[in-house]
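>>> predicted model and sequence follow; I will ask about them next.
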Amino acid sequence: MENEYMEYETFTMELNGKEMEFAIEEEFSVEGKKYIVASQVEGDEIKEDGCYIFASHEEEGESVIEKIMDAKEYEKVTEAYLKMQG
């Protein structure tokens, strides 16, 4: 695994009623808003079976990461990210 020895910033968020740990792999912007791409962490390893996209912004000097609740926004951001990947 190529990601095995890299260090990532991590955060915890509740999804589907369960606390999950994520590693931030990429940051990007769409129409002036910031987003992150994160993968789930299990133990000391990043799961490579998919990624999640979250909204990100600064609040009182702290990074705030949130689920994207609007389906249209999520679709637009996902399409933009996939285009960036080639």
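That came in fine, so what should we check first?
>>> part of a strand, is Met20?
Yes. The assignment for Met20 by DSSP: H, G, I helix; E, B strand; the rest coil puts it in a strand.
>>> just give the nearest non-adjacent residue to it, would you?
The shortest distance from Met20 to any non-neighbouring residue, by C-beta to C-beta, 6 or more residues apart in numbering, is to Gln40 (5.8 Å). C-beta here means a position set from N, CA and C on the backbone, and glycine is covered the same way.
>>> partners of the one you found in the sheet?
Phe22 (DSSP bridges).
>>> my guess is it contacts Glu21. True?
Yes. Contact criterion C-beta atoms under 8 Å: Gln40 and Glu21 qualify, at 7.1 Å.
>>> what about the two, which has more around it?
Gln40 (17 against 14; other C-beta atoms under 10 Å).
>>> give me the distance between the more buried one and Phe11.
Going from Gln40 to Phe11 by C-beta to C-beta, to the nearest Å gives 11 Å.
>>> then Glu58?
Using C-beta to C-beta, Glu58 is found at 14 Å from Phe11.
>>> strands of this protein, start to end?
Assigned strands in the chain, in chain order: 10-15, 18-30, 33-42, 45-46, 52-59, 62-66 (criterion: DSSP state E).
>>> for the last one, packing partners?
Strand 62-66 makes packing contacts with strand 52-59 when contacts are defined by 3 or more C-beta pairs under 8 Å, 6 or more residues apart in numbering; DSSP states H and E.
>>> need the residues touching each of Gln40 and Phe11.
Common neighbours of Gln40 and Phe11 (criterion: C-beta atoms under 8 Å, 6 or more residues apart in numbering): 21-22.
>>> quick one: buried residues of stretch 43-59?
By neighbour count on 16 or more other C-beta atoms under 10 Å, the buried set for stretch 43-59 is 46, 51-56.
>>> appreciated, that's everything.
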